[in-house]
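Chemist: Generate coordinates for the sequence data below:
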Amino acid sequence: MLAYMRALGFEEAEAERQTAGKIEQGQQRYALEKPRVQSQGIENRENIQGSFEGRGLLRSGAYATANARALGDEQYQLGSMQMGLADDIGSLESQLAAAIAAARRQASERVLQIGGQQYLDEQSLPYRS
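Modeler: Predicted structure coming up:
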């Protein structure tokens, strides 16, 4: 019985380790993508500035609108990436909790089986005084 409970602990620890690894991979992926998106946003805004400057419209409302739109697009992409990461983490943690609950339920059922069998074995023993 003790070996079974020890195995359950190892199983839970392995599931937690795998989940933590997947979460870390997602966070690293976000950390790698964020500078690319920011750099692309800066480049887009610089292109907008150059275009409007070349046409003599740098101080126009259209420039401010286009620049704000480009910044909004960058923020939207970053927000989407963050939400995707948060969703992935939530899903992984939910799967981990379900796996641990299932393993513990199986362990409880096993304990009840063993306990019930021991009780039946004790009942079948001849009476001793």
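
Chemist: Residue 34 contacts residue 79, correct?
Modeler: No. With contacts counted by Cβ atoms under 8 Å, residue 34 stays clear of residue 79, the gap being 11.2 Å. Backbone N, C-alpha and C define where each C-beta goes, glycine included.

Chemist: Between the two, tell me which one has more neighbours.
Modeler: The neighbour comparison of residue 34 against residue 79 (other Cβ atoms under 10 Å) goes to residue 34, with 14 against 10.

Chemist: State the distance from that one to residue 28.
Modeler: Distance of residue 34 to residue 28, computed by Cβ to Cβ, to the nearest Å: 11 Å.

Chemist: again with residue 46
Modeler: According to Cβ to Cβ, residue 46 and residue 28 sit 28 Å apart.

Chemist: residue closest to the middle of this structure?
Modeler: By Cα atoms, centre = their mean, the chain has its centre lying nearest to residue 89, at 1.4 Å.

Chemist: Show me what the helix or strand where that one lies is packed against.
Modeler: Per DSSP states H and E, residue 89 falls inside helix 61-124. Using 3 or more Cβ pairs under 8 Å, 6 or more residues apart in numbering; DSSP states H and E, the elements in contact with helix 61-124 are helix 2-54.
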